[in-house]
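Peer 1: Sharing a model that was predicted from the sequence below.
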Amino acid sequence: MLVIAPKDATSIYMEIYRSVPQKSSDLAQSSLNPSRGLTRSVAAWAVIAGMTAHLRIYEAALRLGMEKMFFSAAELCAWMGENGIHISMATAQRALVDTRFFRLSSLRRTGKKGRPCKIYKMVKPDKIGDMLGLEMDASWEASEFDTLDLSSAHRYKVALLARVMIWMDTSTRQQQMDFWGWSKPTLIRWTREVCEITPQFKRIPSDNLNFTAPVNGEEVFLHEVSQREYPRDRRYWLEVVTSDGEIRKLPCTVDMAALWLPLSVVTICEQLPNQYRVRDTYRDTPIWQRGELLPY
């Protein structure tokens, strides 16, 4: 007796022998959460420690909700690509072998020739804080990074700099250099990218009442100049106005001030730390307005 197999018999047998699909191979249905990530202090100190390249991948995975998942390099690339963060396979593989952020979990047999697929999982966020000597974990009040901020190591670093500058808005260039460990030209270039910078000055003119009321007012003014003459500091200088109305910038010395006092008002000028105002595009939503972003 001839038995004709149904047209879908092959597909039935294929279903029987097909391996059980892995949960980690399913792309995430949720989008990037901009509010849950590493605290600003942990992220900043990790950047200072030279971990920026792999920290950026870790931070993106954390904000994508991959903290409790198992995934391969290909799945990490696919998942991030679905959410607008495009990384190469080589970049993903380099990040995943960094044991500070990711750990090898198991090997997955593919049913084909060749090496089995390596499956990884994320290191817990609090472990990164412990590694840096900071008792901090992931937070729902983290800096709000979007896909553009996480698209490259440079953009991630600049976005983090902007968040820190909100709290260092009255700091000097030297203090910023000491904190980040970057060169002055690099710091100037990057702060100009994220901040509106306003120079601040302090001026003490010789026609101030403190120097004109007493009989020896000029001597008191020259004493103020002498306090700033040594050691020579580029923060201080004198400004005078010539008979032609030209404003001249002169060295802050007692001899120069004494020479010009009979001819013009002499002003002691001091350059103060710049005022930094972070641009609105880099400012986070106030915490009290983030209620709709938190899980219930």
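Peer 2: Structure received.

Peer 1: hey, let's count contacts and neighbours off CA atoms from now on
Peer 2: Fine.

Peer 1: quick one, strands of the stretch 151-296 of the chain?
Peer 2: Here the stretch 151-296 of the chain has its strands, by DSSP state E, counting those that start in this stretch, at 195-205, 236-241, 247-250, 267-278.

Peer 1: Deepest-packed of those strands, please.
Peer 2: Across the strands of the stretch 151-296 of the chain, averaging neighbours per residue (mean count of other Cα atoms under 10 Å) puts strand 236-241 on top, at a mean of 20.

Peer 1: Can you give me the neighbour number for Leu96?
Peer 2: 26 (other Cα atoms under 10 Å).

Peer 1: got a list of what the closest residue to it other than its chain neighbours touches?
Peer 2: Of all residues not flanking Leu96 in the chain, Phe102 sits nearest, at 5.4 Å (Cα to Cα, 6 or more residues apart in numbering). By Cα atoms under 8 Å, 6 or more residues apart in numbering, Phe102 lies in contact with Tyr58, Ala95, Leu96, Tyr120, Lys121, Met122, Val123.

Peer 1: now with 10 Å?
Peer 2: The contact partners of Phe102, by Cα atoms under 10 Å, 6 or more residues apart in numbering, come to His54, Tyr58, Ala95, Leu96, Tyr120, Lys121, Met122, Val123, Lys124.

Peer 1: Doesn't the fifth one belong to a strand?
Peer 2: Yes. Secondary structure of Tyr120 (DSSP: H, G, I helix; E, B strand; the rest coil): part of a strand.

Peer 1: that older thread, please report how far the residue nearest to Leu96 lies from Leu261.
Peer 2: Per Cα to Cα, to the nearest Å, Phe102 is found 69 Å from Leu261.

Peer 1: What sits closest to Thr242 if chain neighbours are left out?
Peer 2: In space, Thr242 is closest to Ser264, 7.0 Å off (Cα to Cα, 6+ apart).

Peer 1: neighbours of that neighbour, just the number please.
Peer 2: 16.

Peer 1: Cross-check the contact I'm expecting between it and Asp244.
Peer 2: No. Applying Cα atoms under 10 Å, one finds Ser264 not in contact with Asp244, separated by 11.4 Å.

Peer 1: Please compute how far stretch 196-210 lies from its chain's middle.
Peer 2: Taking the mean of its C-alpha atoms, stretch 196-210 sits 33 Å from the chain's own mean (Cα atoms, centre = their mean, to the nearest Å).

Peer 1: just stretch 138-153 next, same as before
Peer 2: Remark: stretch 138-153 is offset 9 Å from the chain centroid, using Cα atoms, centre = their mean.

Peer 1: That stretch: which residues count as buried?
Peer 2: By neighbour count on 16 or more other Cα atoms under 10 Å, the buried set for stretch 138-153 is 138, 140-147, 149-153.

Peer 1: Tabulate those (CSV), appending distance to Phe71.
Peer 2: Putting those into CSV (distance: Cα to Cα, whole Å) gives the following:
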residue, distance to Phe71
Ala138, 20
Trp140, 24
Glu141, 27
Ala142, 25
Ser143, 26
Glu144, 25
Phe145, 23
Asp146, 22
Thr147, 20
Asp149, 23
Leu150, 20
Ser151, 20
Ser152, 21
Ala153, 22
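
Peer 1: Neighbour-wise, which one of the contacts of Phe102 leads?
Peer 2: When neighbours are counted by other Cα under 10 Å, Leu96 leads the contacts of Phe102 with 26 neighbours.
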